[in-house]
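J.: curious how this folds, go ahead:
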Amino acid sequence: MSTEATVRFVLDGALVEAPGRTADTTLLDFLRDSQGCTGVKEGCAEGDCGACTVVLGELDGARLRWRSINACIRLLPSVDGREVITAQGLAEKEGPLHPVQQAMVDCHGSQCGFCTPGFVMALFCHYLQMQDGMRTAGREELLDTLSGNLCRCTGYRPIIEAGEKMASYAEHAPYRTEDFFSSERVERLRALQRPDGLRLPDYLAPVSVDAFAAAFDAQPDALILAGGTDVGLWVTKQLRRLPAVIAVNEVKDLQAITVSGGNMDGASTVGTSMVIGAAVALEDAFAALLPWYPQLAEMWRRFGSRPIRHSGTLCGNLANGSPIGDSLPALMAMGARLRLRRGTHTRTVALEDFYLAYQKKDLARGEFVEAVCVPAPDPAANYAFYKVSKRKDQDISAVCAGFALVRDGARVTAARLAYGGMAATARRAQHAEQALLGQDWSETTVRAAMAALDLDFAALTDMRASKDYRSAVAANLLYRFWLETRDGAPRAAPTRIDALLPVTAGDATGARA
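T.: From the prediction side, this is the model:
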C-alpha cells in the first residue's frame, strides 16, 4: 500500500506505520492489538474513566506541545504525524522508573493497578506542562488534572500525594524533561508532515480551509471529524461503521484564534470580537475567552476532563447541537454568531437561530461551521454561567444556564437568558427576558421572570432529572443571579474551582466591577 494510505506516527520513541487501517479504528485498539501496549486499558470506552490515557505530542509552530488524551475514543488516523507516549514507554525495561512512576510507588498510589497507567500518564502530562510553564505543582491544578481518571480501590489521597511529590525527584538521563521539547524531536515530527494531508480510502485530512470546503462540498454526506469525543462513542458504544470522514484537525486556518479591533488580555472594547476556528480545542478556546469572561472559570473546569478538553473542539460542541452541550447557553448569553461556509460562500447566523429542532440545524448540504465569533463583553453588563449536575466533575448537565444583563441605573435595558438541558434544543428564554426589560432589577421583577420560564420551556424528564426538578432549578438559577448582582450584594467567597485561575475582571459570581 502506498505511503499516502499509511498512518504514520511516533510511538514511545519509535516510528510506527499502520497500513490498511479504516477511519473507525481507535487508537486504543491499534495500540493494544497491533503494538502490544496492554498498559493502555479499556475501562469505559467513552473517555470517562481515564484508564486509556496517553500523552500526545503535536507540532505547535517551531515547538512541541504535549497533551493528555483518551485513546479509547481517539481515532487512529487523527494521530498521523504526531508522537504518542504510553506508560510502557516512560521507563526502559531494566532501567529506573520515571519520577512520576517512582512517586506513585513511594506514595503507595496503586493497589489493583488497573487504573494506574492512566493516572501515571495524566500526571506525566502535568509534569511536562509544569516544565513548559503551563501548570503549577499546586493541589488544585492536580485535582483538575486527575478529574478524568477514576480509581475504585486505591483511593485518591496517595495518588494526589504522588502528584505533589513527583516534581521533587531529581531528573536524570534518560528522563530529562528538556528532551521532550528538543529540536531533534521537533524535526522528527516535521519530517512526517504531509504537504497535502493524509488521504485514506475513507478518511481525508486537508491542510487548507479552501481544500476542506471543496472536499465537503463535493462529499456533503461525509462526516466532519474534529476531536472525536462524540463520534468516538459511535464506534465504541454503538458499533457503527463510519461513513467517509473529512477531518478538520490538520487545517491550519481553522486552528487560529484571532481578535479584531482589540486584544485578548482582558482590555476588550465594545465592537471587538474573537473568532475561534473550527479546529481550536476546547482547552485553548476557553483559555482565550477567560480574560474577557472570567465568569467562565467554573464552566471551563467542569465542562469535561482535561483529556476531553484537549481533544474536543468548541465549534464541534456547537455544531453537534446537543441540547445538553454546556457551551451553547454560555455563548448565546454572550451574543455569539457562527460563521458558516459552503465552497467559497460564507454567511453568519446568530447561535440561538442555528438550532431549529432536535438535532436539526440551519445548515445547507455541503455547509459547515467554519468559526464562532464571540463579541467582547459589555462593560456595563453582568454575566454568569451556571452548571447543575449530579457530580461536580465529569458529568452531563441537568440544567445549564448563561445570563447577561445590562442596567441603566436600576432599570433593565437588555437581557439574554439562555438555558440548556430543558428542551430539545438549547435556547433563549424570551418570555422571561421580556418580563425583565424596562423593569427595575428587583426581587418582584425577578420572580415574575421566574414564573415566565414556564412559558419558555416545557421541561423534560430523563435519567438525569425530572421535569419538575429542571423547572425549579432553572428558576432558582435566575434568582441566584439576582442575589449575586443586586445592589449591595456581598462578594461571594471563591469556590474550589474559582481558585484554580485568577479572576481579574469582576468577581467569580458573575458581577463585573
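J.: where along the stretch 151-300 of the chain do the helices fall?
T.: Ranges of helices within the stretch 151-300 of the chain are 156-165, 183-190, 209-218, 231-236, 282-289, 297-303, based on DSSP state H, counting those that start in this stretch.
J.: what would these look like in JSON lines with distance to residue 126, mean neighbour count and mean pLDDT?
T.: Any C-beta I mention is one placed from the backbone N, CA and C, and that applies to glycine too. JSON lines is the format used below for these (distance: least, C-beta to C-beta, whole Å; neighbours: other C-beta atoms under 10 Å; pLDDT from 0 to 100):
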{"stretch": "helix 156-165", "distance to residue 126": "7", "mean neighbour count": "19", "mean pLDDT": "95"}
{"stretch": "helix 183-190", "distance to residue 126": "19", "mean neighbour count": "13", "mean pLDDT": "96"}
{"stretch": "helix 209-218", "distance to residue 126": "33", "mean neighbour count": "18", "mean pLDDT": "98"}
{"stretch": "helix 231-236", "distance to residue 126": "23", "mean neighbour count": "20", "mean pLDDT": "95"}
{"stretch": "helix 282-289", "distance to residue 126": "13", "mean neighbour count": "22", "mean pLDDT": "96"}
{"stretch": "helix 297-303", "distance to residue 126": "15", "mean neighbour count": "23", "mean pLDDT": "91"}
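J.: looking at those, which is nearest to residue 336?
T.: helix 282-289 (10.0 Å; C-beta to C-beta).
J.: number of residues surrounding residue 83?
T.: 24 (other C-beta atoms under 10 Å).
J.: go on, residue 256?
T.: Around residue 256 there are 14 residues (other C-beta under 10 Å).
J.: what of residue 242?
T.: Using other C-beta under 10 Å, residue 242 has 17 neighbouring residues.
J.: now the helices of the stretch 151-300 of the chain as TSV including distance to residue 387?
T.: Output for the helices of the stretch 151-300 of the chain, formatted as TSV (distance: least, C-beta to C-beta, whole Å):
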stretch	distance to residue 387
helix 156-165	22
helix 183-190	37
helix 209-218	32
helix 231-236	21
helix 282-289	13
helix 297-303	5
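J.: nearest to residue 11, out of these?
T.: Distance to residue 11, taken as C-beta to C-beta, is lowest for helix 183-190 among those, at 12.2 Å.
J.: which other residues reach the closest one?
T.: Defining contact as C-beta atoms under 8 Å, 6 or more residues apart in numbering, one finds that helix 183-190 is touched by 10, 57, 58, 59, 62, 63, 64, 81, 82, 83, 179.
J.: ok, those residues vs residue 456, which is closest?
T.: Nearest to residue 456 among the contacts of helix 183-190, counting by C-beta to C-beta, is residue 58 at 42.6 Å.
J.: surely the closest one and residue 84 touch.
T.: No - Residue 58 is beyond contact range of residue 84, at 10.5 Å (criterion: C-beta atoms under 8 Å).
J.: who has more neighbours out of those two?
T.: Higher neighbour count among residue 58 and residue 84: residue 84, with 24 against 16, using other C-beta under 10 Å.
J.: tell me what that one is bridged to.
T.: Residue 84 forms beta bridges with residue 11, residue 56, as assigned by DSSP bridges.
J.: how many neighbours does the residue nearest to residue 181 when sequence neighbours are not counted have?
T.: Excluding its sequence neighbours, the residue lying closest to residue 181 (C-beta to C-beta, 6 or more residues apart in numbering) is residue 64, at 5.5 Å. Applying other C-beta under 10 Å, we find 20 other residues in the vicinity of residue 64.
J.: report the angle between the helix or strand harbouring residue 64 and helix 183-190.
T.: Remark: residue 64 resides in strand 63-70, with elements defined by DSSP states H and E. Using axes from the mean of the first three to the mean of the last three C-alpha atoms, to 10 degrees, one finds that strand 63-70 and helix 183-190 are set 70 degrees apart in direction.
J.: give me the buried positions along strand 63-70.
T.: Judged by neighbour count using 16 or more other C-beta atoms under 10 Å, the buried positions of strand 63-70 are 64, 65, 66, 67, 68, 69, 70.
J.: of the contacts of helix 183-190, closest to residue 467?
T.: Relative to residue 467, the closest of those is residue 58; by C-beta to C-beta it sits at 43.8 Å.
J.: mind checking what secondary structure the closest one has?
T.: The three-state label given to residue 58 by DSSP: H, G, I helix; E, B strand; the rest coil is strand.
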